[in-house]
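**Student:** sequence? don't have it. structure:
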């Protein structure tokens with residue numbers, strides 16, 4: 001069996017409902033599946049129930065049951081039998097801290113890698129598929145035990161990637177400048193995933209899909225634009241230098 005990943009930049013696109021922009025991708029990703037566990041941990045604990053209810057409503061057209069992982073007594077045991085895990089967006093630091101506390105990283109990594117568990121992420125949940133959260137956009141409102149995440153792919157993603165507005169007078173760093181700083185310290189490709197786009201991984205195949213182009217950053221290389229439909233499988237084979245001891 002091969003691993004099966006759907007990594008969305010965002011769960012909601014302007015003037016569209018939650019997950020509406022990725023409807024066809026979800027039909028393909030969920031083929032044959034009838035039950036999903038949803039991890040709402042990027043939100044505040046007080047919002048877990050309402051966040052899960054929003055996702056349950058979004059999945060109604062797909063005839064699947066969505067269960068909040070926060071409602072089960074033993075998350076690790078639940079994930080040993082789960083068929084699909086969806087990790088939602090919010091604050092990446094808060095999300096990763098909770099995933100570490102629940103001790104679910106290894107079971108998810110192992111089962112996804114063996115092709116036993118399908119993984120879907122949006123925003124912070126997409127960051128979690130990377131080796132580290134170091135290319136998140138979020139403020140570190142809490143401190144995880146480390147920056148090490150699921151590591152389902154060998155490269156990094158920057159969800160919600162934004163180009164600087166034309167004529168902007170803002171003097172702070174652009175998103176591109178921040179990602180180039182990351183590359184100063186880590187020889188790991190970064191996919192700048194713009195709103196409305198996603199990555200679809202099936203085994204050794206990786207494709208850019210969705211509504212917008214992506215911008216890929218590599219050390220000592222000019223950033224390059226890739227259009228929806230591009231085959232990005234080469235990202236899965238590149239050697240990387242990532243010192244996880246510094247997480």
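**Tutor:** Everything's here; your move. Keep in mind that this is a model prediction, so the values were computed, not measured.
**Student:** Name the residues of stretch 133-150 that come out as buried.
**Tutor:** Within stretch 133-150, the residues scored as buried using 16 or more other Cβ atoms under 10 Å are 133-136, 138, 144, 146-150. (Glycine included, C-beta is placed from N, CA and C.)
**Student:** which residue packs closest to residue 153, ignoring adjacent ones?
**Tutor:** Of all residues not flanking residue 153 in the chain, residue 129 sits nearest, at 5.6 Å (Cβ to Cβ, 6 or more residues apart in numbering).
**Student:** who's in contact with residue 67?
**Tutor:** With contact set as Cβ atoms under 8 Å, 6 or more residues apart in numbering, residue 67 has these partners: 35-38.
**Student:** what do you get if the cut-off is 7 Å, keeping everything else the same?
**Tutor:** Residues counted as contacts of residue 67 (Cβ atoms under 7 Å, 6 or more residues apart in numbering) are 37-38.
**Student:** average pLDDT for the helix or strand where it lies?
**Tutor:** Using DSSP states H and E, residue 67 falls within strand 65-68. For strand 65-68, the mean per-residue pLDDT is 97.
**Student:** Now do the helix or strand where residue 224 lies: which elements does it pack against?
**Tutor:** In this structure, residue 224 sits in strand 221-226 according to DSSP H and E. Judged by 3 or more Cβ pairs under 7 Å, 6 or more residues apart in numbering; DSSP states H and E, the packing partners of strand 221-226 are strand 214-218.
**Student:** ok so, going back, residue 119: which of the buried residues of stretch 133-150 is nearest?
**Tutor:** The shortest approach to residue 119 among those belongs to residue 150, at 7.6 Å (Cβ to Cβ).
**Student:** Next SSE downstream of the strand holding residue 67?
**Tutor:** Counting by DSSP H and E, the next helix or strand C-terminal to strand 65-68 is helix 75-81.
**Student:** List the buried residues of that following helix.
**Tutor:** Of the residues in helix 75-81, 75, 78-79 count as buried by neighbour count, 16+ other Cβ under 10 Å.
**Student:** Could I get the average pLDDT for the helix or strand that that helix is followed by?
**Tutor:** Next in sequence after helix 75-81, counting helices and strands by DSSP H and E, comes strand 84-87. For strand 84-87, mean pLDDT is 98.
**Student:** which helices and strands does strand 84-87 pack with?
**Tutor:** When contacts are defined as 3+ Cβ pairs under 7 Å, 6+ apart, strand 84-87 sits against strand 35-39, strand 118-122.
**Student:** Using a markdown table, lay out the ones you listed together with mean neighbour count, distance to residue 228 and mean pLDDT.
**Tutor:** As requested, the helices and strands packed on strand 84-87 are exported to a markdown table (neighbours: other Cβ atoms under 10 Å; distance: least, Cβ to Cβ, whole Å; pLDDT from 0 to 100):
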| stretch | mean neighbour count | distance to residue 228 | mean pLDDT |
| --- | --- | --- | --- |
| strand 35-39 | 22 | 25 | 97 |
| strand 118-122 | 26 | 17 | 98 |
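**Student:** Which one, of those strands, ends up nearest to residue 100?
**Tutor:** With Cβ to Cβ as the measure, strand 35-39 is the member of those nearest residue 100 (12.8 Å).
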